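**Student:** need a structure here:
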Amino acid sequence: MKVLVIGGIAGGPSFATRLRRINENAEIIILERGAAISVASCALPYYLGGLIKDRSAVIERTPEILKQKNNIDVRLFNEVTKINSADKNVDVKNLQTGETYRESYDKLIIATGASPTFPEIKGIHDADNAFVLRAVTDADKIKAFIDEKHPQHATVLGAGSIGIEVSEALVDNNIDVTIVEQSGHVASPFDPEITDIVAEELHKQGVHVILNETVDEIRDNGHTLVLADGTIHETDMLFLGTGVQPNSEIAGAAGINLSDDGHVIVDHHLQTNLPDIYAIGDVIETTSLITGKPIPSLLSSAANRQGHLLADILNGSSLEYKGFISAGVSKFFDLTASFVGFTEQTLQQLGITNYKTVFITPFDRAYFYPNADRVNFKLIYEDKTGKILGGQAVGRNGIDKRIAELSVAITGNLTAFDLPSLEIPYSPPYSSTRDVLNIAGYVAINQLTNTTATIKAEAISPDDLAHAAFLDIREAGKPVAGSITPTLNIPLSELRDRIDEIPKDKKVYITFRKGLGPYNASRVLAGKGINAIMIEE
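**Tutor:** Have a look, this model is predicted:
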């Protein structure tokens with residue numbers, strides 16, 4: 001069996017090395033148009049920022065190592081220009097010599113990944129100080145520019161994960177950074193409960209953030225930006241963190257089915273609609289394990305696992321790819337932000353509305369242990385059934401651990417009803433006797449069983465906003481929280497003694513506060529015959 005792999009960054013080498021381990025006789029060739037394979041792309045911001053000192057550390061394997069240890073033929077600077085599926089061969093161009101040739105295959109694996117997108121801005125292609133970050137050669141260009149030009153200020157277009165991670169790397173190089181983001185919040189696709197905390201961290205770190213704004217024109221070879229509101233913004237350096245698009249051009253030209261947004265469509269065996277052609281990684285659209293609906297697969301961890309699985313499938317295994325969950329984590333300066341499954345924002349875009357949310361802020365370890373800090377945790381689950389649709393968290397410690405545990409719960413088809421039963425290791429330095437997921441489960445069950453009532457602030461009717469009672473339970477000295485102006489303030493510690501101050505002839509809402517306070521207040525009020533509604537924001 002002769003196997004050609006197009007693309008050598010993440011999924012391609014994972015597939016090739018696994019296939020070699022289980023099939024010594026296969027002929028395996030990797031065709032990569034870039035300068036390196038097995039690049040840890042997610043590590044590149046930390047290389048730019050100086051946390052990773054050695055450039056070679058972000059290149060996990062070299063062609064020489066793969067040839068010596070795995071007998072895999074790796075050809076760098078070799079670009080596949082055409083797939084001839086009827087003849088089972090591909091056209092290849094050597095980008096260094098200009099030579100073209102044809103290579104046959106028995107099985108073809110498309111692992112071409114995705115590339116950064118360039119926003120359609122007048123003058124952007126004339127900018128000599130604009131950069132993206134996907135390949136190690138991109139990192140080389142950025143480092144060379146910083147070392148040679150010594151920029152004092154950089155502008156980052158896009159406040160997603162890559163934009164914030166690169167902003168941190170630039171700050172670590174003593175560069176003043178401004179982020180320009182077209183939406184109203186940073187750190188998309190996280191929800192506001194999380195993004196507000198990230199925004200505070202950016203401010204704390206001295207990063208300037210301009211929201212709800214776009215760049216209309218770039219002048220002076222990238223050094224002058226004209227914003228949509230007419231503001232002129234001068235900069236020494238530009239970074240484009242405005243998204244990625246799948247490298248699926250040759251697949252589409254070969255007659256392989258693509259989704260509306262250009263991803264290669266595969267089945268549960270990672271096979272395309274054409275015989276003996278498969279695809280893995282960022283270039284594919286697969287099926288959501290949560291909803292069963294189509295979803296792009298955009299994480300290097302998924303690409304590596306898909307490659308490993310596909311090697312088993314091609315070697316005769318009856319295994320199937322069960323679907324993509326989507327789980328990720330990012331370091332945003334001193335914060336860690338992590339997610340799994342769908343955010344509320346994404347569910348709304350998909351038209352899914354039958355869900356509820358929980359937002360809690362328990363401690364990351366025993367509250368009495370030194371340096372205990374909060375985990376800001378959001379759980380999203382299906383109404384009635386409790387099926388887990390997603391989760392997000394941000395904080396300083398144990399964030400990825402909680403989201404990883406939730407990912408396992410989703411994979412195992414657990415529901416919100418099961419979360420209180422999870423046995424999570426306890427010791428004061430690491431957790432609490434009732435850990436974050438346990439508490440989230442308790443709150444979710446209270447909602448599912450109508451023990452407590454909650455409502456989104458934006459869902460409150462105009463009539464209630466005008467006439468209902470809005471109870472703020474903050475203690476003395478605590479700031480007002482949330483967007484709803486309270487009509488009375490009774491500290492939680494005084495609520496039982498002052499229960500007669502709660503109006504009996506009005507609907508009662510408890511204004512938003514982080515933590516268990518609103519829930520405890522609702523139980524006190526319920527015990528006195530007052531069915532208050534907690535406001536979520």
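
**Student:** measure the closest residue to residue 300 other than its chain neighbours to residue 295 for me?
**Tutor:** Nearest in space to residue 300, with sequence neighbours left out and distances taken as Cβ to Cβ, 6 or more residues apart in numbering, is residue 10 at 4.4 Å. All C-beta spots, glycine's among them, are computed from the backbone N, C-alpha and C. Look at residue 10 and residue 295: by Cβ to Cβ, to the nearest Å, they are 18 Å apart.

**Student:** ok, residue 285 next?
**Tutor:** 7 Å.

**Student:** and what of residue 16?
**Tutor:** With Cβ to Cβ as the criterion, residue 16 and residue 295 are 26 Å apart.

**Student:** so which of the two has more stuff around it?
**Tutor:** residue 16 (29 against 23; other Cβ atoms under 10 Å).

**Student:** now name the helix or strand holding the more buried one.
**Tutor:** For residue 16, the host element (DSSP states H and E) is helix 11-22.

**Student:** alpha carbons of that helix, as PDB, please.
**Tutor:** What follows is helix 11-22, C-alpha atoms only, in PDB (Å, rounded to 0.1, in the frame of the first residue of the first chain):
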ATOM      1  CA  GLY A  11      -2.500  15.500  11.600                       C
ATOM      2  CA  GLY A  12      -0.300  14.400   8.700                       C
ATOM      3  CA  PRO A  13       2.800  13.300  10.800                       C
ATOM      4  CA  SER A  14       0.500  11.900  13.400                       C
ATOM      5  CA  PHE A  15      -1.100   9.700  10.800                       C
ATOM      6  CA  ALA A  16       2.100   8.700   9.100                       C
ATOM      7  CA  THR A  17       4.000   7.700  12.300                       C
ATOM      8  CA  ARG A  18       1.000   5.700  13.600                       C
ATOM      9  CA  LEU A  19       0.600   3.900  10.300                       C
ATOM     10  CA  ARG A  20       4.300   3.000  10.300                       C
ATOM     11  CA  ARG A  21       4.100   1.600  13.800                       C
ATOM     12  CA  ILE A  22       1.300  -0.800  12.800                       C
END
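
**Student:** and the strands in the stretch 301-450 of the chain?
**Tutor:** Secondary structure of the stretch 301-450 of the chain (DSSP state E, counting those that start in this stretch): strands at 327-332, 335-341, 355-360, 375-382, 388-395.

**Student:** the second one pairs with which strands, parallel or anti?
**Tutor:** Just to be clear, that refers to strand 335-341. Sheet pairing for strand 335-341, assigned by DSSP bridges, gives strand 327-332 (antiparallel), strand 388-395 (antiparallel).

**Student:** what sits up against the first one?
**Tutor:** Applying Cβ atoms under 8 Å, 6 or more residues apart in numbering, the set of residues contacting strand 327-332 from outside is 161, 164-165, 168, 187, 198, 201-202, 299, 301, 336-341, 394, 399-400, 403-404, 407.

**Student:** just the buried subset of those, written out for PyMOL, thanks.
**Tutor:** In PyMOL syntax, the buried subset of these is picked out as below (16 or more other Cβ atoms under 10 Å):
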select buried, resi 161+164+165+168+187+198+201+202+299+336+337+338+339+340+341+394+399+400+403+407
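
**Student:** now list whatever residues contact both of residue 285 and residue 295.
**Tutor:** Joint contacts of residue 285 and residue 295 (Cβ under 8 Å, 6+ apart) do not exist.

**Student:** thought residue 530 was touching residue 502?
**Tutor:** Yes. Using Cβ atoms under 8 Å, residue 530 makes contact with residue 502 at a distance of 5.8 Å.

**Student:** what about residue 126, how many residues close to it?
**Tutor:** 12.

**Student:** which residue is the nearest non-sequential neighbour of it?
**Tutor:** residue 221 (5.7 Å).

**Student:** Three-state assignment for that neighbour, please.
**Tutor:** Classification of residue 221 using DSSP: H, G, I helix; E, B strand; the rest coil returns helix.

**Student:** who's the residue nearest the centre of the chain bridged to?
**Tutor:** For the chain, the residue sitting closest to the mean C-alpha position, by Cα atoms, centre = their mean, is residue 328 at 4.8 Å. Residue 328 forms beta bridges with residue 339, as assigned by DSSP bridges.

**Student:** measure it to residue 42 for me?
**Tutor:** For residue 328, the distance to residue 42 - Cβ to Cβ - is 9 Å.

**Student:** can you check residue 19 too?
**Tutor:** From residue 19 to residue 42 the distance is 24 Å (Cβ to Cβ).

**Student:** and for residue 341?
**Tutor:** On the measure of Cβ to Cβ, residue 341 and residue 42 end up 20 Å apart.

**Student:** list the pairing partners of the lowest-mean-pLDDT helix or strand in the chain within its sheet, with orientation.
**Tutor:** Least confident helix or strand, the chain: strand 453-456 with a mean of 87, by mean pLDDT, DSSP states H and E. Sheet pairing for strand 453-456, assigned by DSSP bridges, gives strand 533-536 (parallel).

**Student:** what's the partner strand in contact with?
**Tutor:** By Cβ under 8 Å, 6+ apart, strand 533-536 touches 357, 359, 452-457, 460, 470, 482, 484, 507-512, 518-519, 522.

**Student:** try 6 Å
**Tutor:** The contact list for strand 533-536, computed with Cβ atoms under 6 Å, 6 or more residues apart in numbering, reads 453, 454, 455, 456, 457, 484, 509, 510, 511, 512, 518, 522.

**Student:** ok so, going back, who has more neighbours out of residue 19 and residue 42?
**Tutor:** Using other Cβ under 10 Å, the more surrounded residue of residue 19 and residue 42 is residue 19, with 26 against 18.

**Student:** please name the nearest non-neighbouring residue to that one.
**Tutor:** Per Cβ to Cβ, 6+ apart, closest to residue 19 is residue 311, 3.9 Å.

**Student:** so the one you found sits against residue 21, correct?
**Tutor:** No. Taking contacts as Cβ atoms under 6 Å, residue 311 lies outside contact range of residue 21: 8.1 Å.

**Student:** neighbour count for these two, which is higher?
**Tutor:** residue 311 (24 against 12).

**Student:** how much space between the more buried one and residue 23?
**Tutor:** Distance from residue 311 to residue 23, counting by Cβ to Cβ: 8 Å.

**Student:** before we move on, what about residue 319?
**Tutor:** Distance from residue 319 to residue 23, by Cβ to Cβ: 15 Å.

**Student:** can you check residue 85 too?
**Tutor:** Distance of residue 85 to residue 23, computed by Cβ to Cβ: 23 Å.

**Student:** also residue 77?
**Tutor:** For residue 77, the distance to residue 23 - Cβ to Cβ - is 27 Å.

**Student:** what do you get for residue 86?
**Tutor:** Shown here: residue 86 relative to residue 23, a distance of 26 Å by Cβ to Cβ.

**Student:** more neighbours: these two, which one.
**Tutor:** Between residue 86 and residue 23, residue 23 has the larger neighbour count (other Cβ under 10 Å), namely 15 against 10.

**Student:** wait, the residue nearest to residue 126 touches residue 124, no?
**Tutor:** No. Using Cβ under 6 Å, residue 221 is not in contact with residue 124, being 10.7 Å away.

**Student:** more neighbours: these two, which one.
**Tutor:** Set side by side, residue 221 and residue 124 show more neighbours around residue 124, with 17 against 12, by other Cβ under 10 Å.

**Student:** identify the residues contacting residue 130.
**Tutor:** 222, 238.

**Student:** the same query, at a cut-off of 7 Å, please.
**Tutor:** Counting by Cβ atoms under 7 Å, 6 or more residues apart in numbering, residue 130 touches 124, 222, 238, 240.

**Student:** of the residues you listed, buried ones?
**Tutor:** 124, 222, 238, 240.
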